[in-house]
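In: Provide a 3D model corresponding to the input given below.
(one chain, ligands or ions: 2)
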Amino acid sequence: MRDIIDLDRYPLDRPDSPEWQALVDAAQAELAATGMFNLPGFLRAEASVEVTAALAPKFATEAHVHARRHNIYFRKDIQGLPADHTALAEVESRNRTLCADQIGGALNRLYHWPEFARFLAATMDKPALHPMADPLAALNAMSYATGDGLNWHFDRSEFTTTLLLQAPDAGGLFEYRRDLRGDSDPNYAGVARLLRGEDPDLRAITLSPGTLNVFRGKHTAHRVTPVEGTTPRVIAVFSYFETPGVRFTAEEQRGFYGRAA
Ligand SMILES: O=C(O)CCC(=O)C(=O)O
Ligand SMILES: [Fe+2]
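Out: Numbers count the residues shown, from 1 in each chain. Ligands and ions are numbered 1, 2, ... in the order given. Model prediction:
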């Protein structure tokens with residue numbers, strides 16, 4: 001892993017060492033304070049460039065053009081919510097998406113590296129995390145060209161782990177609103193307020209290439225603003241769950257990836 005990850009700065013290969021524990025503690029503190037944590041320079045600069053170059057022809061020829069109107073839930077209707085409620089307002093997204101069965105190399109190696117899951121589990125205070133059994137959703141790479149974005153949504157998994165591979169010239173900001181909902185409180189009024197552009201607790205970050213970003217995607221509303229300029233924003237998304245064997249439904253697979261597998 002040393003060839004792609006900066007293990008001197010981030011000693012994921014030495015679980016339970018004092019340095020590893022200090023990193024976990026720092027990540028937990030940042031997560032508690034801001035709803036996310038970032039590890040800048042996690043992926044070595046050369047690796048970011050190499051992985052981006054290897055993915056480019058795949059994005060051009062075999063990626064799913066994920067372009068659709070959707071609501072923040074990525075679900076047609078929500079029980080108990082009238083169809084005309086502002087929380088169900090539709091927004092538009094567009095990017096190119098590659099799935100786990102199309103991504104090999106360093107990203108696949110990292111996804112299946114047990115020490116990566118072990119570290120992430122520790123930061124999230126979980127006994128263990130497991131790769132998904134879904135041949136499409138487990139690992140994704142997205143490319144956002146000019147005008148592309150990923151509009152407001154909540155994720156399926158509690159935590160979301162991303163790794164920026166290439167930054168755009170401008171735009172492509174990651175905007176988020178932490179704790180907008182909870183397991184027992186859907187907070188539809190708060191969701192509607194966010195979608196009306198009236199939430200004062202909205203935050204934005206610009207990621208730099210190589211930065212590992214972890215956030216509470218299930219309860220944090222988030223979006224990627226439209227990319228500007230000619231350099232695509234390229235990012236990898238790793239999905240782990242507390243239980244092994246998790247898969248999307250065939251309907252979810254078709255919605256996100258245009259096919260079922
Ligand atoms: O591109 C990003 O920064 C976020 C991606 C994301 O939110 C997702 O894949 O669910
Ligand atoms: Fe997301």
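In: Now stretch 64-77: buried residues?
Out: Using 16 or more other CB atoms under 10 Å as the test for burial, stretch 64-77 gives 64, 66, 70-73. Glycine gets a C-beta too; all of them are placed from N, C-alpha and C.
In: what does stretch 121-134 give?
Out: Using 16+ other CB under 10 Å as the test for burial, stretch 121-134 gives 121-124, 129, 131-132, 134.
In: ditto for stretch 33-40
Out: 35-39.
In: pretty sure Gln253 is touching Arg156, no?
Out: No - contact criterion CB atoms under 8 Å: Gln253 and Arg156 do not qualify, at 11.8 Å.
In: tell me the phi and psi of Thr61?
Out: Phi and psi for Thr61, reported as degrees, to the nearest 10, are phi -110, psi -30.
In: now, which of the buried residues of stretch 64-77 sits nearest ligand 1?
Out: Nearest to ligand 1 out of the buried residues of stretch 64-77 is His66 (CB to the nearest ligand atom; 9.7 Å).
In: Next one: the closest one from Ala87, what distance?
Out: 22 Å (CB to CB, to the nearest Å).
In: swap in Ala100?
Out: In terms of CB to CB, Ala100 sits 31 Å off from Ala87.
In: And Ile5, by the same measure?
Out: Between Ile5 and Ala87 the distance, using CB to CB, works out to 40 Å.
In: Which of those two has more residues huddled nearby?
Out: Ile5 (26 against 21; other CB atoms under 10 Å).
In: Next up, the contacts around the more buried one.
Out: Listed by CB atoms under 8 Å, 6 or more residues apart in numbering, the contact partners of Ile5 are 12, 42-44, 47, 110.
In: and those residues, which two are the farthest apart?
Out: Among the contacts of Ile5, the pair separated by the greatest distance (CB to CB) is Leu12 and Ala47, at 14.6 Å.
In: in the strand or helix carrying Ala117, what's buried?
Out: Under the criterion of DSSP states H and E, Ala117 resides in helix 114-123. The neighbour-count criterion (16+ other CB under 10 Å) identifies 115-117, 119-123 as the buried residues of helix 114-123.
In: Could you list the contact residues of the chain toward ligand 1?
Out: Contacts of the chain with ligand 1, taken as CB under 6 Å from any ligand atom, map to 142, 150, 155, 160, 162, 174, 222, 224, 235, 237.
In: beta partners of the second one?
Out: Just to be clear, that refers to Leu150. On the basis of DSSP bridges, Leu150 is bridged to Val224.
In: Same check on the first one?
Out: Here Met142 shows beta-bridge partners Thr97, Ile235, assigned using DSSP bridges.
In: Tell me which residues touch it, please.
Out: 66, 95-98, 150, 234-235, 237.
In: Kindly indicate the member of those with the most neighbours.
Out: Counting by other CB under 10 Å, top hit in those: Val234 with 27 neighbours.
In: contacting residues for that residue?
Out: Val234 touches 52, 55, 59, 141-144, 164-166, counting by CB under 8 Å, 6+ apart.
In: Could you dump the residues you listed into TSV and include pLDDT?
Out: Listed next are the contacts of Val234 as TSV, based on pLDDT from 0 to 100:
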residue	pLDDT
Thr52	98
Leu55	98
Phe59	98
Ala141	98
Met142	98
Ser143	98
Tyr144	98
Leu164	98
Leu165	98
Gln166	98
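In: What segments of this structure are helices?
Out: Using DSSP state H, the helices found in the chain span residues 18-34, 45-61, 105-111, 114-123, 188-195, 250-257.
In: Identify whichever of these lies nearest to Arg178.
Out: Of all the helices of the chain, helix 18-34 sits nearest to Arg178, with 7.3 Å by CB to CB.
In: Just want the angle from that closest one to helix 114-123.
Out: Orientation of helix 18-34 against helix 114-123 (axes from the mean of the first three to the mean of the last three CA atoms, to 10 degrees) gives an angle of 50 degrees.
In: buried ones in helix 18-34?
Out: Those would be 20, 23-24, 27, 30-31, for helix 18-34 by 16+ other CB under 10 Å.
In: nearest to Asp183, of the residues of the chain next to ligand 1?
Out: Closest to Asp183, out of all of the residues of the chain next to ligand 1 and judged by CB to CB, is Asp155, at 14.0 Å.
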